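S.K.: whatever this is, show me its structure:
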Amino acid sequence: MKLHYKLRGNGPLLLILQGGDGNADATDRLADHLVDHYTVLTHDRRGLSRSPIDDPDAAIDLSTHSQDVSHLLAALTDEPALVFGSSIGALIGLDLISRHPEQVRLLIAHEPPATHLLPEPERDQAAADQEEVETLYRRHGLREAMTKFMAIAAIRYDDREDDVEIPPPAPDRIANLDFFLTHDAPAVRRYRLDLPRLRAIAQRIVPAGGADAESLSRRCVHMLAAELDQPLMDFPGGHTGFLLRPRGFAARLHQVLTDSVTTGSNAADD
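M.R.: Numbers count the residues shown, from 1 in each chain. Predicted coordinates for the structure are as follows:
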């Protein structure tokens, strides 16, 4: 499997794991505000854009994606990396650090949709809502599925910085959304965090949530912070703050990374 990736900037390696159907280009605006401090690494997840798969029917779960990331990091560096992941990217980051802790210096996990952490009956309702998105896509197509998905995630495109414009869909966007809703969304719904492993390295995990919206994923990250006995860090915007508020989000990301490195809470040999 060959993964397309991008490297930009100077400084310690910062891997950004995008949410949703985002490819290596999805966080370019965020990276623009980070490249003076970090070497920013992004990639097209398996099945997206320039990382096609040979067998479209092959089973893919989040451990598949985290193993891909592990191989990518191993090919690029001998040092543990800083990692930021949002949504599915946060889950992939959590799986990566639980399986390969030696490769991650610090993980900022922004609103991972780990619905299995929620109390009942909210847990069952969340799983039903997630499954409904997949069913709507199969039966009625992309528009209805994404309308439901955006409602669950509390995404508001008007909540953005003044100079941020919503770009027209790239030519591969429909194919990426199809792959996400067919393969990755069900994988997210089925995924379960390895809490014992995560608790053992909790000092190197920063749970993070959007400050401007109460969403399913924000409630999930509240529960993750409690499970790991770590403080929840607020970031600008909501679930997609890293896309819609890139300037403020990058400043907060740099602050949290700097503070965490300075306090030594990210020691790779914990």
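S.K.: what about Ala127, how many residues nearby?
M.R.: Using other C-beta atoms under 10 Å, Ala127 has 15 other residues around it. The C-beta positions use only the backbone N, C-alpha and C, and glycine is treated the same way.
S.K.: so how far is Leu117 from it?
M.R.: Counting by C-beta to C-beta, to the nearest Å, the separation of Ala127 from Leu117 is 12 Å.
S.K.: overlap of the contact sets of these two?
M.R.: Both Ala127 and Leu117 lack any common contact, where contact means C-beta atoms under 8 Å, 6 or more residues apart in numbering.
S.K.: so Ser98 makes contact with Arg199?
M.R.: No. The pair Ser98 / Arg199 is not scored as a contact, 10.0 Å apart, by C-beta atoms under 8 Å.
S.K.: of these two, who's got more company?
M.R.: For Ser98 versus Arg199, the count of surrounding residues by other C-beta under 10 Å is larger for Ser98: 22 against 14.
S.K.: which pLDDT value belongs to that one?
M.R.: With respect to pLDDT, Ser98 scores 98.
S.K.: right, and the helix or strand after the helix or strand encompassing it?
M.R.: Using DSSP states H and E, Ser98 sits within helix 88-99. Counting by DSSP H and E, the element after helix 88-99 in chain order, helix or strand, is strand 104-110.
S.K.: pull the CA atoms of the next helix or strand after that next one into PDB?
M.R.: Per DSSP H and E, strand 104-110 leads on to helix 122-140 as the next helix or strand towards the C-terminus. What follows is helix 122-140 as a C-alpha-only set of coordinates in PDB (Å, rounded to 0.1, in the frame of the first residue of the first chain):
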ATOM      1  CA  GLU A 122     -27.000   8.200  25.300                       C
ATOM      2  CA  ARG A 123     -24.600   5.500  24.000                       C
ATOM      3  CA  ASP A 124     -27.300   3.500  22.200                       C
ATOM      4  CA  GLN A 125     -28.800   6.700  20.700                       C
ATOM      5  CA  ALA A 126     -25.400   7.800  19.500                       C
ATOM      6  CA  ALA A 127     -24.800   4.400  17.800                       C
ATOM      7  CA  ALA A 128     -28.300   4.600  16.200                       C
ATOM      8  CA  ASP A 129     -27.600   8.100  14.900                       C
ATOM      9  CA  GLN A 130     -24.300   7.000  13.400                       C
ATOM     10  CA  GLU A 131     -25.900   4.000  11.800                       C
ATOM     11  CA  GLU A 132     -28.700   6.200  10.400                       C
ATOM     12  CA  VAL A 133     -26.100   8.300   8.500                       C
ATOM     13  CA  GLU A 134     -24.900   5.100   6.800                       C
ATOM     14  CA  THR A 135     -28.400   3.900   6.000                       C
ATOM     15  CA  LEU A 136     -29.400   7.300   4.600                       C
ATOM     16  CA  TYR A 137     -26.500   7.200   2.300                       C
ATOM     17  CA  ARG A 138     -27.300   3.800   1.000                       C
ATOM     18  CA  ARG A 139     -31.000   4.500   0.500                       C
ATOM     19  CA  HIS A 140     -31.200   8.200  -0.300                       C
END
